[in-house]
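Enquirer: model this:
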Amino acid sequence: MIYWQIFLAFFIPGILGYGGGPATIPLIEKEVVDRYGWLTTKEFSEVLALGNSLPGPIATKMAGYIGFTEGGILGSAIALFATIAPSLILMLALMAILMKYKESPQVKNISKVVKPVIAVLIGAMTLQFFMESRLLLGSLQTIIIMIVSLLMLEKWKVHPAIVIGLALVYGGLTGLI
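Expert: Residues are numbered from 1 along each chain as shown. Below you'll find the model as predicted:
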């Protein structure tokens, strides 16, 4: 029964909380403090403060922690799934609609507009990563990582996860030296 309660405590705010974390936090509080009594208001505010201090979406961090304290690892997994399930369901429904009408001129025009926007966003993100890496590691180290990564990905066809892991190890080791 506790797992069903954990699921509902995070699924309902996910459905009703349009607007992300700031909109769902009061709804999550209503569920975990008022409805189920898993936390006091003070404890909830401490979990919220801890969640805000860490990177990433606040609702998933809170769900993982509260789910774990109430139901262990399985409770944490259920709470995390319940938090993302509304968005996942909506995305799958929208994808089904998009695939149904993929040949329509309106959908094709949307794709023509979206692709360049995504390319610009990825380019801007890449430039930002390059500038931050150059400041933290230096130009030479950054260029070495870029060239070796490009060779590994394009020439040697190494899986991207391995390239990312190796770049992290290299960055960590050069940071120690």
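Enquirer: The lowest-mean-pLDDT helix or strand in the chain: how far from the chain's middle?
Expert: Using mean pLDDT, DSSP states H and E, the weakest-scoring helix or strand in the chain turns out to be helix 160-176, at a mean of 83. Relative to its parent chain, helix 160-176 has a centroid offset of 21 Å by CA atoms, centre = their mean, to the nearest Å.
Enquirer: any weak-confidence spans in the protein?
Expert: Low-confidence segments of the chain, defined by pLDDT under 70, span residues 175-177.
Enquirer: per-domain residue ranges of it.
Expert: 2-100, 105-176 (automatic domain parsing).
Enquirer: residues near residue 3, how many?
Expert: Burial of residue 3, expressed as a neighbour count using other CB atoms under 10 Å, amounts to 17. Quick note: C-beta positions are derived from backbone N, CA and C, even for glycine.
Enquirer: which residues sit in contact with it?
Expert: Under the criterion of CB atoms under 8 Å, 6 or more residues apart in numbering, the contact list for residue 3 reads 71, 74, 75, 78.
Enquirer: Any chance of the backbone angles for it?
Expert: Residue 3 adopts backbone torsions of phi -70, psi -40, taken as degrees, to the nearest 10.
Enquirer: Give the buried residues for the host helix or strand of residue 132.
Expert: According to DSSP states H and E, residue 132 maps onto helix 105-137. Going by neighbour count (16 or more other CB atoms under 10 Å), the buried part of helix 105-137 is 133, 137.
Enquirer: biggest helix in this protein by residues?
Expert: Longest helix of the chain, by residue count under DSSP state H: helix 58-100.
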